[in-house]
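J.: just coords:
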């Protein structure tokens, strides 16, 4: 930019009053958190500036502009709360800067998520006027500024196929964090930088660095691992992480609290045990998940084999992972090329998720994924798959251009065609997905924008053959079959309920110790389910009593739990997730205990009423699929949704916005009473609340925000079934 000597961009908490007193101009861009509060990375800054006075600072030569980010419908359309809290931090900061004697360059700008163009709807004009008032012009073509695409794609290109500056970041012992650009690249390696938000403010107030650590995700294609691999991850959690082992909703092990110096040794241990973290996160195809409940056990092995082959086929081929973490020593997998034949240098616009279901179990929520395969089994033989395209959970509070969406059933493919078709579905998203707006970059919006028939035609064009018509199928449930079941081959399988996927010992039961003991003697396999549970699989007739004695010894007994609790799921959220707006896995068990008082009151304790919670609207726990849903909006405050399908066949609908625990319990009490008295035989709770009119059915993702019943009618689509 011309006429500018120096520009510095920092987080608000890194900006001091002395810093501002020594510069000519400051532009302050402030987002809104909670109930009109400063965001976490601006609270220290606000605490300092709010106490300042004209006599304590010298701002008379400082010129400033403030721009605010908010949502005018965050607390409901047209409500007093929304009007009060909308961009409140920016408004207060603008007034405070003027009160301290600084000179306003331009009136405060207010960006509204409700605007058709989002933030850009206000920011583009505000920014142009800001620079015009300063007399600053762009270098080069001064008549226009070229938009070159999202910053994420630039970072990917400059990373040289996911190398970035990771080696330099890891070598820097002066800090517990890695460079900002590397935090984007590290995700492709299965690694998220996090910090402990419980103590963040305390550390920043004392001038210390945040308590940085890393989350590492180990994808297990199809969810099946050996007891030895489980024991290795359990030991690694103790020696290199915070001690806890997390089983995720997408059949992965997750380790939290790994400090930087232990990061590389952790990855090496994982690889020595024939697992890896590559592509467990990032803008690539992630871990392929599959039904692992042994209901259709005749085809189970074939489906798991397919999931592993598909996962390997869609893996990034860069050598970067082996160079950075394994010192170029290949331990497992296929890393033999320098280019990315499928992805190219910019990879995908956003993450890509695949699930495989074996009817009648939909234990992977197959319709919530970008790409789904539904096994077609006839006479105990796997004929092929129904292919469904365009699902996804993430949304943004109040932004009606974002919504969860269930996928459309596109076609039938044979087993031999399946990997080829999966590749072409992904490549179409690579080429047509939105690379300008990450909130619109998931495959679900590509399908919504172009239509499923266009998508099918493009897949057929790239494959060079026609796809078949979808075959009939039916799902009964998206939960797990808790307890013992016997497979067709006589082997037994025990599905263990693990609340929110957290494996640890409590006063009630020694889950962690018990699983370790079982793994040391078990001769079968372990299976991570899509519902955060674990199956002790392929147990022989002779070994079953041995396993049962160990379960009894450590008081591991699923019968103690209510039906609601065994179908519950929650994401990690606080204190480590940077996106969390409220508690999730630390709070849901407590909330369920209080809800169980109501269930006991109406004799509903054994009813499997599916409940899920997410700390933010991104939906890692696939919350919108549940019959009762809570999505974090602010501390101790949630949006409440009802009416998801018990078989994963319908998205829930908003029931109440911005509710706290007392309102949650008050709201559920009469609904449970009504359900206990007036449900039909076998009627699930989600179907009941729609039949009785508590909420309208969500028959399409684009109708997620519509609460009017008439607006939710689609000719020919029954209210109980989406597909």
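T.: Right, received. Where do you want to start? The model shown is predicted, which means the values in this text are computed figures rather than measured ones. Residues are numbered from 1 along each chain as shown.
J.: the spatially closest residue to residue 257 that is not a sequence neighbour: neighbour count?
T.: Sequence neighbours aside, residue 242 is the residue nearest to residue 257 in space, at 2.9 Å (criterion: CB to CB, 6 or more residues apart in numbering). (Each C-beta comes from the backbone N, C-alpha and C, glycine too.) As a burial measure, residue 242 scores 16 neighbours (other CB atoms under 10 Å).
J.: tell me which element residue 242 falls in.
T.: Assessed by DSSP states H and E, residue 242 sits outside every helix and strand.
J.: from residue 87, how far out is it?
T.: 37 Å (CB to CB, to the nearest Å).
J.: is residue 236 in contact with residue 266, as I believe?
T.: Yes: here residue 236 reaches residue 266: they are 6.3 Å apart, a contact under CB atoms under 8 Å.
J.: give me the common contacts of the two.
T.: residue 255 (CB atoms under 8 Å, 6 or more residues apart in numbering).
J.: and residue 134, how far is that from residue 28?
T.: 15 Å.
J.: actually residue 677, not the one I wrote
T.: Distance from residue 677 to residue 28, by CB to CB: 57 Å.
J.: more crowded one of these two?
T.: Comparing residue 677 with residue 28 by neighbour count (other CB under 10 Å), the higher total belongs to residue 28, at 21 against 8.
J.: what about that one, which SS state?
T.: Three-state call for residue 28 (DSSP: H, G, I helix; E, B strand; the rest coil): strand.
J.: list the contacts of the nearest residue to it once chain neighbours are set aside.
T.: Using CB to CB, 6+ apart and skipping residues adjacent in sequence, the residue nearest residue 28 is residue 66, 4.8 Å away. If you count contacts by CB under 8 Å, 6+ apart, residue 66 has them with 27, 28, 29, 30, 90, 93, 94, 97, 108, 109.
J.: name the element residue 66 belongs to?
T.: strand 63-70.
J.: give the buried residues for that strand.
T.: For strand 63-70, burial by neighbour count (16 or more other CB atoms under 10 Å) applies to 63, 64, 65, 66, 67, 68, 69, 70.
J.: just want the phi and psi numbers for the closest residue to the fifth one other than its chain neighbours.
T.: Beyond its immediate neighbours in the sequence, the residue positioned closest to residue 67 (CB to CB, 6+ apart) is residue 109, lying 4.1 Å away. According to degrees, to the nearest 10, the main-chain angles of residue 109 amount to phi -100, psi 140.
J.: how close does residue 109 sit to residue 91?
T.: Distance from residue 109 to residue 91, by CB to CB: 11 Å.
J.: contacts only, for the nearest residue to residue 17 once chain neighbours are set aside.
T.: The shortest distance from residue 17 to any non-neighbouring residue, by CB to CB, 6+ apart, is to residue 57 (5.3 Å). Counting by CB under 8 Å, 6+ apart, residue 57 makes contact with 17, 20, 21, 100, 101.
J.: please identify the helix or strand for the last one.
T.: I take that to be residue 101. With DSSP H and E as criterion, residue 101 is part of no helix or strand.
J.: isn't it up against residue 59?
T.: Yes: using CB under 8 Å, residue 101 makes contact with residue 59 at a distance of 4.7 Å.
J.: which one's more surrounded, these two?
T.: When neighbours are counted by other CB under 10 Å, residue 59 comes out ahead of the other of residue 101 and residue 59, with 20 against 15.
J.: so the more buried one, which of the three states?
T.: Once three-state DSSP is applied, residue 59 turns out coil.
J.: ok, now which ones touch residue 472?
T.: Counted by CB under 8 Å, 6+ apart, residue 472 has zero contacts.
J.: separation between it and residue 377?
T.: 12 Å.
J.: returning to that earlier point: pLDDT (mean, whole number) over the strand holding residue 66?
T.: Strand 63-70 shows a mean pLDDT of 95.
J.: how far out from the middle of the chain is that strand?
T.: Remark: strand 63-70 is offset 30 Å from the chain centroid, using CA atoms, centre = their mean, to the nearest Å.
J.: over to stretch 524-531?
T.: Counting by CA atoms, centre = their mean, stretch 524-531 comes out at 20 Å from the chain centroid.
J.: same thing with stretch 348-361?
T.: Worked out by CA atoms, centre = their mean, stretch 348-361 lies 14 Å from the chain centre.
J.: buried stuff in that stretch?
T.: 348-359, 361.
J.: now the end-to-end length of that stretch.
T.: 30 Å (CA to CA, to the nearest Å).
J.: mean confidence (pLDDT) on that stretch, please.
T.: On average, stretch 348-361 scores 97.
J.: let me know the pLDDT of the residue sitting nearest the centre point of the chain.
T.: Most central in the chain under CA atoms, centre = their mean is residue 620, positioned 3.0 Å from the mean C-alpha point. pLDDT, residue 620: 96.
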